[in-house]
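Novice: Fold the following for me, if possible:
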Amino acid sequence: MNYTQIFNAAPAVEALAPGRVNLLGEHTDYNDGFVLPTAIPQHTTVAIGFSPDDRHHFYSAELEERVDFDPAGASPEGFARYIDGCIRVLAAAGHKIPPLNIFVTSSVPIGSGLSSSAALEVATLRGLRSLLHLPLDDVEIAQLGQQAEIQYAGVSCGILDQMASSLADTDHMLFLDTRTLDRQILPFPPGAEIVVIDSGVARSLATSGYNQRRAECEAAADQLGVKALRDITDPQQAEPLPEPLRQRARHVITENNRVLKALEGITAAAFGKLMNDSHASLRDDYEVSVPALDTLVDILQTTPDVLGARLTGAGFGGACVALVTEGRGEAIAQSTLDQYNRTGNHGHILVS
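Specialist: Next up, the predicted model:
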């Protein structure tokens, strides 16, 4: 199906935005910390036109779901709440948004930790920028998308996902300081490429421990007398905290240090070790891994030519990312998937 088949008219504009995979810097963005994502080839496309009546009409091709509702009424559930959230934060910023037809198609897997929601938000906002000639730059697009997710999807997310979807590309890493929004476009470690494999275990951020982890970090920062855990660089400073705040703070502090270490022009092997250390920290201190993710990471980390591997995204399911020797990605991905699926899991390759 396409826009014309659903709405019996041609769209006025189309826009797209990619998903992302995070190489280092997990759960640091809402602590004002440092992140290192890259875009993935999969993307979300929205086609937008003006509604012929006084209602919004949204359609998701992947879900085969249509939502029709009054713009002045309650925000809808499901995929439509992300789109409606974008419209409402634009309206709150003073932009007049008419009733719309919006058709969505996406190759970004849902529930895999690859920012399907951010891709939808950024694509929607890019489309509305084009349709309505809105004076928004790419950073403002990301910030509006973040607010849409917080206010209308109920996820107290940081800015990582939306900034990556709005600013990153597939050929570089994006270093981002989430407090200042200072950023650098960096090359991948020399002689290396990435592999991304979905564990087959889906997760929902709003129902997972994501918001709880954020609250724990805020409590830890408060007890340590700092604005955010980003302001502490020595993990020993977290030792006086009670559990689990000590564990949560230790992860954030060491994870920020890992991102900053990666900026020093280190070798691919050293970068891979940082990824391995990151997974151990996410598993043991942050407690956001699950058995399937650990199994997948274990297979990757013990495979020749894999330099490092870790879960990517918030955890509680989703995907793993590995740094591998350049030219070996496709073979490693297939070998890993075969071993992983023999354990009774049902993963699939996303990037190789």
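Novice: in the chain, which segments are predicted with low confidence?
Specialist: Within the chain, the ranges that satisfy pLDDT under 70 run 204-208.
Novice: And for the most centrally placed residue in it, nearest residue in space, chain neighbours not counted?
Specialist: Central residue of the chain (Cα atoms, centre = their mean): Ser115, 3.4 Å from the mean position. Of all residues not flanking Ser115 in the chain, Asp161 sits nearest, at 4.0 Å (Cβ to Cβ, 6 or more residues apart in numbering). (C-beta placed from N, C-alpha, C; glycine too.)
Novice: What strand or helix carries that neighbour?
Specialist: Under the criterion of DSSP states H and E, Asp161 resides in helix 160-167.
Novice: Quick one: distance of that helix to the chain centre.
Specialist: Here the centre of helix 160-167 is set off from its chain's centre by 8 Å, with Cα atoms, centre = their mean, to the nearest Å.
Novice: Any chance of the backbone angles for the residue lying closest to Ala322 once chain neighbours are set aside?
Specialist: Distances taken as Cβ to Cβ, 6+ apart put Ala309 closest to Ala322, at 3.9 Å, once the chain neighbours are dropped. Dihedral angles of Ala309 (phi, psi; degrees, to the nearest 10) stand at phi -150, psi 150.
Novice: quick one, what contacts Ala309?
Specialist: By Cβ atoms under 8 Å, 6 or more residues apart in numbering, the contact list for Ala309 reads 272, 275-276, 279, 296-297, 300-301, 320-323.
Novice: quick one: it from Ala80, how far?
Specialist: Here Ala309 is placed at a distance of 36 Å from Ala80 (Cβ to Cβ, to the nearest Å).
Novice: and Asp54, how many neighbours does it have?
Specialist: Around Asp54 there are 10 other residues, counting by other Cβ atoms under 10 Å.
Novice: How about Asp234?
Specialist: Number of residues near Asp234 (other Cβ under 10 Å) recorded here: 10.
Novice: strands paired with the longest strand seen in the chain, and their directions?
Specialist: For the chain, the strand with the greatest residue count under DSSP state E is strand 34-50. Its sheet considered, strand 34-50 pairs with strand 13-24 (antiparallel), strand 100-106 (antiparallel), strand 173-177 (antiparallel) by DSSP bridges.
Novice: Work out the gap between stretch 334-352 and the centre of the chain.
Specialist: 22 Å.
Novice: buried ones in that stretch?
Specialist: Residues of stretch 334-352 classed as buried: 335-337, 339-340, 345, 347, 349-352 (neighbour count, 16 or more other Cβ atoms under 10 Å).
Novice: can I get the CA coordinates of it in PDB?
Specialist: Only the C-alpha atoms of stretch 334-352 are listed here, as PDB (Å, rounded to 0.1, in the frame of the first residue of the first chain):
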ATOM      1  CA  GLN A 334      25.800 -15.400   9.500                       C
ATOM      2  CA  SER A 335      28.000 -17.600  11.600                       C
ATOM      3  CA  THR A 336      26.900 -15.900  14.800                       C
ATOM      4  CA  LEU A 337      23.200 -16.100  13.900                       C
ATOM      5  CA  ASP A 338      23.500 -19.800  13.100                       C
ATOM      6  CA  GLN A 339      25.000 -20.500  16.500                       C
ATOM      7  CA  TYR A 340      22.600 -18.200  18.400                       C
ATOM      8  CA  ASN A 341      19.500 -19.600  16.800                       C
ATOM      9  CA  ARG A 342      20.600 -23.200  17.700                       C
ATOM     10  CA  THR A 343      20.300 -22.100  21.300                       C
ATOM     11  CA  GLY A 344      16.500 -21.800  20.800                       C
ATOM     12  CA  ASN A 345      16.500 -18.100  20.100                       C
ATOM     13  CA  HIS A 346      15.200 -16.500  17.000                       C
ATOM     14  CA  GLY A 347      17.400 -13.600  16.000                       C
ATOM     15  CA  HIS A 348      18.100 -12.000  12.600                       C
ATOM     16  CA  ILE A 349      20.800  -9.900  11.000                       C
ATOM     17  CA  LEU A 350      20.200  -6.100  10.700                       C
ATOM     18  CA  VAL A 351      23.500  -4.700   9.600                       C
ATOM     19  CA  SER A 352      26.500  -6.700   8.200                       C
END
